[in-house]
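Coordinates for the following, if possible.
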Amino acid sequence: MANHRLKLLLIDGNPDDARIIRQMLLPSRLFESIDFTHCSNLAAAQEHLLTNMVDVILLDLTLPDSHGIRTLKSLRHIAFQVPIVLLTGEQNEPQAVEAMQIGVQDYLIKGKTSSGLLQRAVRNAIERQRLMAELANKAAELEQMNRELDDFSHTMAHQIQGLLSQMIGYTGVIEMNYRNELGPEIHSLLRRILQSGHKMNNVISEVMLLASVRSGEVVQLPLDMKRLVAEARKRVRFRMEEYQGEIHMPDSWPLAAGYPSWIEEVWVNYISNGLKYGGSPPKLILGFDRLQESMIRFWVKDNGNGLSTEDQRKLFTPHTRLRQTKAQGKGLGLSIVRRIVEKCGGQVGVFSQLGEGSTFWFTLPKAVSDMPDC
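The predicted model follows:
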């Protein structure tokens, strides 16, 4: 800073005050030299800024052609990247707070500000503005890198899913048409390959879904909940066979609002967890409750051992496992569920007691529609 030639613009309608401020700044130990420009009104300052670069602005809010916060707002339109230090004779705390919210770097009172304080305020304002600009540039770079990474991951995920679908398809054809010729042992291995393939496909879908939830805009649509639950059941059919589970549900569902593919993923996670952590065999009951304030609570109740209060507090956060002794997993599913439902305007939670099973629930807004229940 000491080797920098500072370009300073003072906007002050009082020539005597302008002269005193100049004397306070010159000479300065913090700057090698200062190009000092004084404008006595807002119009002259705006004209100067149109054709000249400045490093910092000292502004009095009382000018011949403008007064108060509107002076600052008018100046901000034309000098939105230049740090501004207010140097005014009016001690007004509400005005100071509002000025800081608009982006002023400091608020100083004439007659109560020393030369050293003024020089430090100018230096700090420039330094803070520089750091803010660097942070903004870094944020823009990170955002661009994230977009590129998301594009790459989606491309790779689609390619992997395409190859995986072929593998599952060919294995299914062999398992269906040649089971008698291959014998029970090979048949069992083929079933395991199919199960692993479908699990891998679900993992890839969750990773892609997490990226879309982070960056996607939510379009709230009326949900055909009966169809979404049916699709979710298809996706967990191998887990149903593996755990010999049962699922019971109502004949019709109320009409809620949300993003269909995301809410399908919520059901997949809840039903899958219910099958893994339910009883032996697991018996799941799906249902809903109509709440006040136009909200609907959907839930999956299992017949498992239930969760302790401590375990319940750890749910819906990344990298938390549900009862590690029974199944492996990184716990990303429930954290995705929470992010999905919150983006759709709802909440998630669990009712559980040890020895009495668990009920995992999520809420969604009621759809604004005259359509009947699904």
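
would Ile296 count as being in a strand?
Yes: residue state for Ile296 (DSSP: H, G, I helix; E, B strand; the rest coil) corresponds to a strand.

Phe362 versus that one, what's the distance?
With distances taken as C-beta to C-beta, to the nearest Å, Ile296 is found 10 Å from Phe362. Just so you know, the C-beta spots here come from the backbone N, C-alpha and C atoms, and that holds for glycine as well.

Between these two, which has more neighbouring residues?
Using other C-beta atoms under 10 Å as the criterion, Ile296 and Phe362 rank with Phe362 on top: 26 against 22.

Surely that one is in a strand?
Yes: assessed with three-state DSSP, Phe362 lies in a strand.

Tell me the secondary structure at Thr37.
At Thr37 the chain is in strand, as set by three-state DSSP.

isn't it right up against Val54?
Yes: if you go by C-beta atoms under 8 Å, Thr37 and Val54 touch, sitting 7.4 Å apart.

Which neighbours do the two have in common?
Lys7, Leu8, Leu9, His48 (C-beta atoms under 8 Å, 6 or more residues apart in numbering).

In helices, which of those fall?
His48 (DSSP state H).

with the shared contacts of Thr37 and Val54 in mind, which one is nearest to Gly169?
Set against Gly169, the nearest of those by C-beta to C-beta is Lys7 (69.4 Å).

Now do Leu131 against Gly89, distance only.
Taking C-beta to C-beta, one finds Leu131 at 30 Å from Gly89.

more crowded one of those two?
Gly89 (14 against 10).

Pull the contacting residues for the more buried one.
Applying C-beta under 8 Å, 6+ apart, the residues contacting Gly89 are Asp17, Asp60, Thr62, Ile109, Lys110, Gly111.

any idea how far the nearest residue to Arg5 once chain neighbours are set aside lies from Leu9?
Excluding its sequence neighbours, the residue lying closest to Arg5 (C-beta to C-beta, 6 or more residues apart in numbering) is Ser33, at 5.1 Å. Distance, Ser33 to Leu9, by C-beta to C-beta: 15 Å.

for the strand or helix carrying Met240, what is the average pLDDT?
Using DSSP states H and E, Met240 sits in helix 237-243. For helix 237-243, the mean pLDDT works out to 86.

Remind me what it packs against, helices and strands.
When contacts are defined as 3 or more C-beta pairs under 8 Å, 6 or more residues apart in numbering; DSSP states H and E, helix 237-243 sits against helix 179-215, helix 260-277.
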